[in-house]
Structure formats: structure tokens, C-alpha cells
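dropping the sequence and predicted coords here.
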Amino acid sequence: MRTRRFEWEGARDTAAAIRRWSAEATPEVDVGPIEREVREGGDEAVLRLTARFDATVTPLESLRVSPDEPARALASIDGELREALELAAKNIRAVAEAQIDTAQRVVSLSEGQSVAVREVPVGAAGLYAPGGRAAYPSSVLMCAIPARVAGVERLALASPPGPDGKLSPLVLAAAELCGVDELYAMGGAQAIFAFAYGTETIAAVDVIAGPGNDWVREAKRTVSGLVGIDSLAGPSELMVIAGHDTDPEWAALDLCAQAEHGGEGALVAVAVEEAVLEAVAAATEQVAGKRSGIGDAPLALAQVPDLSDAIDLANTFAPEHLELLEEDAALLGPSVTTAGCVFVGRYGATAFGDYAAGSNHVLPTGGAGRFSGPLGPSVFRRKISTVEVTAEAAAKLAPHVDAIARAEGFPVHGESAMIRARGA
């Protein structure tokens, strides 16, 4: 683990310095050639790229997974694991359902017109579950359940196949639990472009959601606007604000758990007291040294003048995950405004949110918590306005429409309104 101490230079400058340092290992990628191949070559290009980047030993004959495979996978997984997945699914669904607002809001205005705003689901969603390093059934649950709760009719899931050309049984089982309609053995940028543009086998979708590597992120950036996307999620991040009663080993395990996602994500330990910061740093080095899979993750250490500065640093940094391990954590929680997900109190490990607490683990990274939040049903829903103008309203509004339209150089807009006023 790479550890660096950052001197306090105020929230803005300290946050910027940590961001620059932790991003040094992030590679630059160019997805343009992959985009062109998929648009021009369709299925054949996606199959070729999947074999190349996912190192499948067995040649893929079809991108689409047989519809009966998920049910077989669910029936064959370990009973304890199935129970855990079902519990996680139940909690994720409950939180997602609490976010749905099906009521149509109608505003009747004084001139006589009314404006109704309602939400409807998109028609199709393309969901991405990462692979390569491991199988992630939890990401299937986190993406598919909010989409289904949102009312999306068609759910298509892509995930990188293993060397045998098949999807992980865990991914298949999770897809069955969520009622995913279509499964495709494809990963990386090519999967995102296939969802966005469509191929002979895959019908294009309206929204693409799900975490992925740098290639997936840049592909989503490229197609944003052609389709909706959830976010540009990058490497996983965790900031821990520790207090005098924080157990250093607990904090260390939390930081190292996030390091299991890879060595590019920002890990930050913050404390007011020097002794607390040093204890967390020492414990993290010790835990990392005894466990595999931690790698060369960057751990930033920041000592702050007081607790309010720690919160200012968190709000400026906007971490994906923020743990408040202070004794007054419950009081501090409402003052956090930018983190993707806040875990309050000594028992609130990020791992609970990653799997079974019910919150979503697809969260904004890289500071995007300043303007976005967790993946939820709203990503898969859109608003529609319906305007009803009565004759009385037309007569009252038309002169104002005409005045603004002519000021903007669009006189025919004014005529369009005024003809209705004269006919009222």
C-alpha cells in the first residue's frame, strides 16, 4: 500500500492535492477504435473484441446466453449464498420502491391553463456487471432491481465471459432473481457500444447503467446523449473520519476492503488527533501486509484542525463512500452534502452498503457526488409535461407570448398564439 501524508492547506487545496495524487495511476484510454468496430461490424465485431479482451479460450458462437441457463444456475448455487442474495435483493427492492413517486402533479394556473407532470419508465435498459477480476452478482442486484422497480419493460444484462466463454453462474443466478430478460456474454467498451447502437442480435437500449473499468467508463461518456447513462463511475473510493474512540483495526479493515477493488481508488483517513491518525495508518499497513488482493492502493492521511474541517474536507472531496467513525457521527451525518453514501457510526462499514444493507453500491466517484447520487429508479424514469390551455387562458397568455416572441426575433411564434386569442 502506498501511503502519503498531506499537510492541511484548507479543505479545497488539500482535497485537490489528494485527488491529483490518487489519480496518478489512472491510465488514459481511447475507445474510439472499438466504437468504430462495433458500429461497422455488429455482432461479429463484438464477438471478436470479446475474445480479444476477455481472453476467452473457447470461441463464442453467440453473444446471447441461453434463456434457461439463469434458472439452472440459481437452482445450483449454495443455499447459504442464495439466502444472502435473496436478503440483499429484498432490501435493495424496499429502498428502491420507497423512491418511486407515481402521482401525477397538476398545477392549475391563474390564467386558466394547467400543466401536468408525470413520470414514465424508459422502454429498455442495458445493465453492465463487471467481470475479469471476479464475478459480481451484487452489481446485478444493484442495477436490475431499481430498473425493474422503475417499471422498465426490457432489461438486458452484459457481463464479460470467463475463459470458457460462459458467464459466471453467480451472475446468472442473480439475473434470475431479478427477472432480467436478456443476458449477453460480452464485456468492456464493446458491450456499451453494442447496447447504445444495437447489433444484429442486440436491440439498442434507452439507458445504460452499471459500474465498470476505465474502458467502460469512457465508452459510457462517448454514448451519453445518444442514450441515458447513470454516471461515469470510476475506481472505488473511501474516506474515513476517525475519532478518539475509533477502533484502528476496524477502520483499517474498511480501508483495505475498498482496496480489494483495485489499486486506483482513493483511500483517505482523516482525524483531528495525530495519535488517532497514526494508529489508523499503522493498523492499515499491518492489515494490508497480512492479506492478499490489497495491492498498491494509495492511502492518503490528513490531519485537520477540528471536526468541522474534516466535514469541509469531505464535502469538498465528495468521496464515493464516507464513514463517520466519530462518537458524534449521528449528529454529523446531516452536515455531509456531497458523498455518494454516508455510513454513520462505528458499526456502519461500507461493506454493508456494498452488499446487503439496501443502499445502492453504484455511486458517484471522482468528485461527482457534487452533482449526482446513488443509482436508483429515477435513472430509468423520465418526466413528461402535459399542457392544457383553455380558450380563456389563450386570450390572457397570447399577448405576453407575442411580446416575448417578437423580442427574441420569432414573430411567427407570436402569431401562433395570437390567432388562438382572436378565436377564443
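Perfect, thanks for sending it.

quick check: the residue nearest to G243 when sequence neighbours are not counted vs A318, distance?
Closest residue to G243 apart from its sequence neighbours, by CB to CB, 6 or more residues apart in numbering: E326 at 3.8 Å. C-beta: built from backbone N, CA, C; applies to glycine. Distance, E326 to A318, using CB to CB, to the nearest Å: 19 Å.

mind listing what's buried in the helix or strand of the chain with the lowest mean pLDDT?
Ranked by mean pLDDT, DSSP states H and E, the weakest helix or strand in the chain is helix 329-332, scoring a mean of 84. Residues of helix 329-332 classed as buried: A329, L332 (neighbour count, 16 or more other CB atoms under 10 Å).

likewise for stretch 298-314?
Of the residues in stretch 298-314, those buried (16+ other CB under 10 Å) are 298-304, 307, 309-314.

quick one: contacts for P121?
A150, G151, V152, E153, F380, R381, R382 (CB atoms under 8 Å, 6 or more residues apart in numbering).

restricting to C-alpha, output the helix or strand where L170 lies in PDB.
Using DSSP states H and E, L170 maps to helix 169-178. C-alpha atoms of helix 169-178 as PDB (Å, rounded to 0.1, in the frame of the first residue of the first chain):
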ATOM      1  CA  PRO A 169     -23.000 -18.900 -12.500                       C
ATOM      2  CA  LEU A 170     -23.300 -16.300  -9.800                       C
ATOM      3  CA  VAL A 171     -24.100 -13.600 -12.300                       C
ATOM      4  CA  LEU A 172     -26.600 -15.900 -14.000                       C
ATOM      5  CA  ALA A 173     -28.200 -16.700 -10.600                       C
ATOM      6  CA  ALA A 174     -28.500 -13.100  -9.600                       C
ATOM      7  CA  ALA A 175     -30.000 -12.200 -13.000                       C
ATOM      8  CA  GLU A 176     -32.700 -14.900 -12.500                       C
ATOM      9  CA  LEU A 177     -33.500 -13.500  -9.100                       C
ATOM     10  CA  CYS A 178     -34.100 -10.100 -10.600                       C
END
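
tell me if I'm right that D245 and E327 touch.
Yes. D245 lies in contact with E327 (CB atoms under 8 Å); the separation is 5.1 Å.

which one's more surrounded, the two?
Of the pair D245 and E327, E327 is the one with more neighbours under other CB atoms under 10 Å, namely 14 against 10.

hang on, that one in a strand?
No. In this structure, E327 is coil, not part of a strand, as judged by DSSP: H, G, I helix; E, B strand; the rest coil.

pretty sure A302 sits in a strand.
Yes. With three-state DSSP as the criterion, A302 is part of a strand.

show me what contacts it?
R5, F6, W8, T14, I18, V268, A269, V270, L277, L313.

tell me the pLDDT at it?
You'll see A302 listed with a pLDDT of 97.

can you name the next helix or strand after the least confident helix or strand of the chain?
Taking DSSP H and E, what comes next after helix 329-332 is strand 341-344.

who touches that next one?
So strand 341-344 is contacted by 320-324, 329-330, 332-333, 336, 349-350, 352-353, 359-361, 363, 374 (CB under 8 Å, 6+ apart).

per-domain residue ranges of the chain.
2-26+235-357, 32-233, 389-423 (automatic domain parsing).

now distance to R370 too, for these, in CSV please.
Output for the domains of the chain, formatted as CSV (distance: least, CB to CB, whole Å):
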stretch, distance to R370
domain 2-26+235-357, 5
domain 32-233, 12
domain 389-423, 33
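
closest to G367 out of these?
Nearest of these to G367, taken as CB to CB: domain 2-26+235-357 at 4.6 Å.

low-confidence ranges, the chain, go.
By pLDDT under 70, the low-scoring segments of the chain are 25, 55, 132-133, 424.

and the strands in it?
Using DSSP state E, the strands of the chain run over residues 2-6, 105-108, 114-121, 124-128, 154-159, 182-185, 207-209, 228-229, 238-242, 267-271, 298-303, 321-325, 341-344, 381-388.

would TSV of the ones you listed with distance to L49 be doable?
Shown next, in TSV, are those (distance: least, CB to CB, whole Å):
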stretch	distance to L49
strand 2-6	33
strand 105-108	45
strand 114-121	31
strand 124-128	15
strand 154-159	12
strand 182-185	12
strand 207-209	17
strand 228-229	20
strand 238-242	33
strand 267-271	33
strand 298-303	31
strand 321-325	32
strand 341-344	33
strand 381-388	31
